[in-house]
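**Q** Below: sequence and its predicted model.
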Amino acid sequence: MFDKAVALLKEKNLSVTFAESCTGGLMAKSITDVPGASNVFPGSAVTYSNGVKIKLTNVSRETIDKYTEVSYQCAREMASGAAGYFGTDIAVSATGYAGPGGGNDNDPVGTVYVGVYVRGRCDAYRLYYKDKTRDEIRNAVCGFAAYMIESEAKKL
């Protein structure tokens, strides 16, 4: 899944990290499945609880209180904070409702926000995987992360 991303990051001398909530470390596992990933991946954080989101990735308590931990704002702060903590060029975060429980009217189960930090610029994306299993959602988010890393690395 991350083969092309790792090759491109190596070629461009770039580094990447992750701040994962709903994916629970699957992005880190998937990138470290690629031989040579240690050249571009120093480590990452599984920020499953709000306390860890706040401590490790500098998500503000105000953001969680106002927007919740499953939001554009939180995803952006997670990605930016992870890049700062690990000193990487690129960072991807994921926070969402992989199910089977959780969710609400605005963000039902299957909703995931992905933050993408690239050298000082940070965006977030709302993904929605309707009627997918927990594993299907988590794997799809990892695929999206790999795609975004490739896409952004090509621009640098």
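**A** Now that the structure is in, tell me what you want to look at.
**Q** In this structure, where's the longest helix?
**A** Determined from DSSP state H, the single longest helix within the chain is helix 134-155.
**Q** Any buried residues in that helix, and which?
**A** 137-142, 144-146, 148-150, 152-153 (16 or more other Cβ atoms under 10 Å). From N, CA and C alone the C-beta is placed, and that goes for glycine too.
**Q** what helix or strand is the residue nearest the centre of the chain on?
**A** Most central in the chain under Cα atoms, centre = their mean is residue 93, positioned 2.0 Å from the mean C-alpha point. Per DSSP states H and E, residue 93 falls inside strand 90-96.
**Q** could you say what helices and strands that strand packs with?
**A** If contacts are counted by 3 or more Cβ pairs under 8 Å, 6 or more residues apart in numbering; DSSP states H and E, strand 90-96 sits against strand 16-20, helix 72-86, strand 111-118, helix 134-155.
**Q** Mean pLDDT added to the ones you listed, as a markdown table?
**A** Output for these, formatted as a markdown table (pLDDT from 0 to 100):
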| stretch | mean pLDDT |
| --- | --- |
| strand 16-20 | 98 |
| helix 72-86 | 98 |
| strand 111-118 | 98 |
| helix 134-155 | 98 |
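**Q** Out of these, which gets nearest to residue 37?
**A** Nearest of the helices and strands packed on strand 90-96 to residue 37, taken as Cβ to Cβ: strand 16-20 at 9.2 Å.
**Q** Who does the spatially closest residue to residue 86 that is not a sequence neighbour form a beta bridge with?
**A** Distances taken as Cβ to Cβ, 6 or more residues apart in numbering place residue 17 nearest to residue 86, at 4.1 Å, with adjacent residues excluded. Counting by DSSP bridges, residue 17 is bridged to residue 91.
**Q** what number of residues lie near residue 17?
**A** 27 (other Cβ atoms under 10 Å).
**Q** try the one 4 residues further on
**A** Other residues lying near residue 21 total 26 when counted by other Cβ under 10 Å.
**Q** Which of the three states applies to the residue of the chain positioned farthest from its centre?
**A** Ranked by distance from the centre of the chain (Cα atoms, centre = their mean), the top residue is residue 105, with 23.2 Å. Using DSSP: H, G, I helix; E, B strand; the rest coil, the structure places residue 105 in coil.
**Q** From residue 111, how far off is it?
**A** Using Cβ to Cβ, to the nearest Å, residue 105 is found at 11 Å from residue 111.
**Q** what's near enough to touch residue 90?
**A** 9, 14-17, 83, 116-119, 149, 152-153 (Cβ atoms under 8 Å, 6 or more residues apart in numbering).
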